[in-house]
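**Q** task: produce atomic coordinates for the following.
(chains A and B)
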Amino acid sequence: MSARAYLLLLRQFIAREFRQRYLGSLTGPAWALLQPLMLLGVYALVFVHVLRVRLPAGDGPADAVPFLVAALWPWTAFAEGLNRAVAAVPENAALLAKVPVPRSLLVIAPLAVTFGVHGVGLCVVGLALALWGRPFDLGGVLPALVAYLLLAGFTLGVALLLAAWNVFVRDVGQILGQALTLLFFLSPVFFTREMVPEAFRVAFDLNPLSIYLDLIRAALLGTPVNLVADLSKAALATVVAIAMGAFVFRRLSPYFEDYL
Amino acid sequence: MSEAVLVSLRGVAKRFPRVSRRSDRARALLGLLTGRSLPPATTVLEGIDLEVRRGESLGLIGENGAGKSTLLKVLTGVLAPTEGEVRLSGSVAALLELGAGFHPEFSGRDNLRMAAALMGFAPGELEAREPDILAFADIGRYIDEPVKHYSSGMVVRLGFALVAARRPDLLITDEILAVGDEAFQRKCIRWIEDYLDGGGTLLLVSHSMYQVQKLCRHAVWLERGRIRASGDVYEVTQDYLAAQERRIAREAGLAPKESAGTLAGVEFSLSAVRINGNDGEAPVYVARGDTLAIELDVRTREGRTPVAAFGIVRADGTPVFGTTSEIDAAVVRVTADGLARFRVELPDLALLPGAYSVRFHALDTEGLRIFDTLERGFVVRGHTRELGVVRLAHRWVDPDAGG
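**A** Coordinates of the predicted model:
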């Protein structure tokens, strides 16, 4: 299949994925913004006001909201995108059994839509906070965007790998939900590496998501950061993830039909 | 690959993996990741070599479970072959499962857009042809309703309309659409005929030999995942039907048991039988209209004159014709060593193409008791689409011509 034909198909799959997600809901795509907003509200209430988690920078609860926002949206994009992408191949088994479709489209389309809507969500919320006078550094938007795209690439690599495995061994899909919950607390979303006990810091160091989330948050909140070094690290992690995912997917995808 | 070849399969094999045990899947995953070959599994296709040229029409025949659907899936790229090579040039559209990729929640229009992209429409092409497609499908305002509200006939209409607009290089279909109302079926058949006249290429999967013979010039007979025969449509379909009839007869126990005629103590036995001079057990091929020569050598123990009989039966056991040397008052001479030889000729053979058997019988002098029976098959071949068993003399006359 030519690259042109592939891209045309990808556009169709993305359009279908987008419509499918909001088909029949009253508010439509607004849900993409509402859902993380409500989540943010819950988290802000519980962690900042009830549990009184203290942030390293400023102490007021007002600072906690931008802190959460900057990492919660990218995290949501990662977790939701991964969940949907891994489920996509078995969900489309009927289509695969009848029409020759490049299998990778099924994984890429849900990721593209998820990262798209949450990217827009992050922009809207960030802009609102900035206008409200909260510390949101508009100058950091560009590096944050690059890091966000690198995160999307990293997610794609992981999704290709897991989606291919999931066709053969369905346990992957079952475990993924729990694994993501655990990973959530081992990622710098509510707290930074410095806020957790010494013993757990190694998990943050080993977690490649830390690279992206720390980078996006630092860029958006204007925290001083070594941009070049961090972006290089993120790019490297993305390349490694995509290379691994693509290798596995390429090996396994011709046999999907036999195991679906 | 030359320009004219649309589809080319070389040594294609398809084996489905064994997934009955839980550990099979995990083992397959590890095996594929490390590049090792998979453990043996169910073979569905084996050693398939096939070429479809532009403008050719090919019939694919075979019993249920012979691997026809799997072959089509491999051919269209839905399934990856376990071995061998599939090359496809040009666009392919299958009428097998029209609307198969449609999503029930989306409107017909949305689904058209997706299906068009899957079929490889260029951007803008669908928009340009949409009026034609809607006119052909003729489903009215339903085009903007979700497909789940469609009747099965409407789904097929929409699917066919898209294929018709696409004019694929290769069209794959089965049984010429047993769905939709009659008016729409006629519309489809007209379109297919028009498509073929315009140089289209057809791959027809059918159990109707009549249809295959009407629409195809070549046929491929698939049996248990292998190509049993391929070539001229008449030869292949006739051989296939013959094998079918023989199998049915065997299953029904209609074939007579050959009596052990050479046993000592039998007064009359068949020492040799020949069809057109051929005394082997393999079926003999006879062209329609040729002469069929039947020969029987009957050995008599006591120099008595035997009666010879033969009967022609269709491979499924239907009797066609039979007679005896006694009925026809044929001249019989018994040699000194007790051998009586008979030869019957049936000139201008009226049998229609198909598989038949000759049953040879040795009877006593009075023609009352059958002492020995042998059966040999033969196949009548010919390029004709006439139906039935024998060609009866007939002529078409102009009813309006006076007289």
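
**Q** show me the helices in the chain, by range?
**A** Just going to use chain A. With DSSP state H as the criterion, chain A has helices at A:3-22, A:30-43, A:61-91, A:93-96, A:103-131, A:141-168, A:171-185, A:198-206, A:208-221, A:227-252, A:256-259.

**Q** switch to chain B, that's the one I care about
**A** Counting by DSSP H, the helices of chain B are B:22-33, B:68-76, B:108-118, B:125-137, B:152-166, B:182-197, B:209-215, B:233-252.

**Q** can you check which of those gets nearest to residue A:199?
**A** In terms of CB to CB, the element of those nearest to residue A:199 is helix B:22-33, at 33.4 Å. Placement of C-beta: from N, CA and C, glycine included.

**Q** that closest one versus helix A:141-168: what angle between them?
**A** 130 degrees (axes from the mean of the first three to the mean of the last three CA atoms, to 10 degrees).

**Q** what's the angle from helix B:22-33 to helix A:227-252?
**A** Going by the same axes, to 10 degrees, helix B:22-33 makes 120 degrees with helix A:227-252.

**Q** pull out the buried residues from helix B:22-33.
**A** B:24-25, B:27-29, B:32 (16 or more other CB atoms under 10 Å in any protein chain shown).

**Q** low-scoring stretches of the chain, by residue?
**A** This is for chain A. Within chain A, the set of residues satisfying pLDDT under 70 comprises A:24-27, A:32, A:53-63, A:135-136.

**Q** you looked at the wrong chain, it should be chain B
**A** Counting by pLDDT under 70, the ranges of chain B that qualify are B:1-3, B:37-40, B:175-180, B:252-266, B:402-403.

**Q** which bits of it sit near chain A?
**A** When proximity is defined by CB under 8 Å from any CB of the partner chain, chain B lies next to chain A at B:16-17, B:19, B:25-26, B:28-29, B:32-33, B:35, B:73, B:76-80, B:97, B:100-101, B:103, B:105-106, B:110, B:113-114, B:117-118, B:120, B:123.

**Q** residues from chain A in reach of chain B?
**A** Residues of chain A that fall close to chain B, judged by CB under 8 Å from any CB: A:5, A:8-9, A:11-13, A:15-16, A:19-20, A:23-24, A:94-101, A:165, A:168-169, A:248, A:251-252, A:254-255, A:257-259.

**Q** just the buried ones out of those residues, please.
**A** The buried subset of the residues of chain A next to chain B (16+ other CB under 10 Å) comprises A:8-9, A:12-13, A:15-16, A:19-20, A:95-101, A:165, A:168-169, A:248, A:252, A:255, A:257-259.

**Q** most centrally placed residue in chain B?
**A** Centroid-nearest residue in chain B: residue B:61, 3.8 Å away (criterion: CA atoms, centre = their mean).

**Q** distance between stretch A:77-92 and the chain's centre?
**A** Mean C-alpha position of stretch A:77-92 versus that of the full chain (CA atoms, centre = their mean, to the nearest Å) differs by 11 Å.

**Q** no, scratch that, I was asking about stretch A:38-50
**A** 20 Å.

**Q** ditto for stretch B:106-121
**A** So, by CA atoms, centre = their mean, the centroid of stretch B:106-121 is 34 Å from its chain's centroid.

**Q** report back the residue of the chain that's furthest from centre.
**A** If you meant another chain, say so; for now it's chain A. Computed with CA atoms, centre = their mean, the residue of chain A farthest from its C-alpha average is residue A:98, at 31.3 Å.

**Q** not quite, I wanted chain B
**A** Of all residues in chain B, residue B:336 has its C-alpha farthest from the mean position, at 50.6 Å, by CA atoms, centre = their mean.

**Q** distance to residue A:108 added to the helices of chain B, as JSON lines?
**A** Formatted as JSON lines, the helices of chain B follow (distance: least, CB to CB, whole Å):
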{"stretch": "helix B:22-33", "distance to residue A:108": "21"}
{"stretch": "helix B:68-76", "distance to residue A:108": "23"}
{"stretch": "helix B:108-118", "distance to residue A:108": "14"}
{"stretch": "helix B:125-137", "distance to residue A:108": "22"}
{"stretch": "helix B:152-166", "distance to residue A:108": "25"}
{"stretch": "helix B:182-197", "distance to residue A:108": "35"}
{"stretch": "helix B:209-215", "distance to residue A:108": "41"}
{"stretch": "helix B:233-252", "distance to residue A:108": "45"}
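
**Q** so which of these comes closest to residue B:312?
**A** helix B:233-252 (13.5 Å).

**Q** hmm, back to that, PyMOL command for the buried members of the residues of chain B next to chain A?
**A** The following PyMOL line selects those of these that are buried, judged by 16+ other CB under 10 Å:
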select buried, chain B and resi 16+17+25+28+29+32+73+76+78+79+101+103+106+110+113+114+117+118+120
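
**Q** tell me the phi and psi of the residue farthest from the centre of chain B?
**A** Reported as degrees, to the nearest 10, the phi and psi values for residue B:336 are phi -60, psi -40.

**Q** which ones are touching it?
**A** The contact partners of residue B:336, taken as CB atoms under 8 Å, 6 or more residues apart in numbering or on different chains, number zero.
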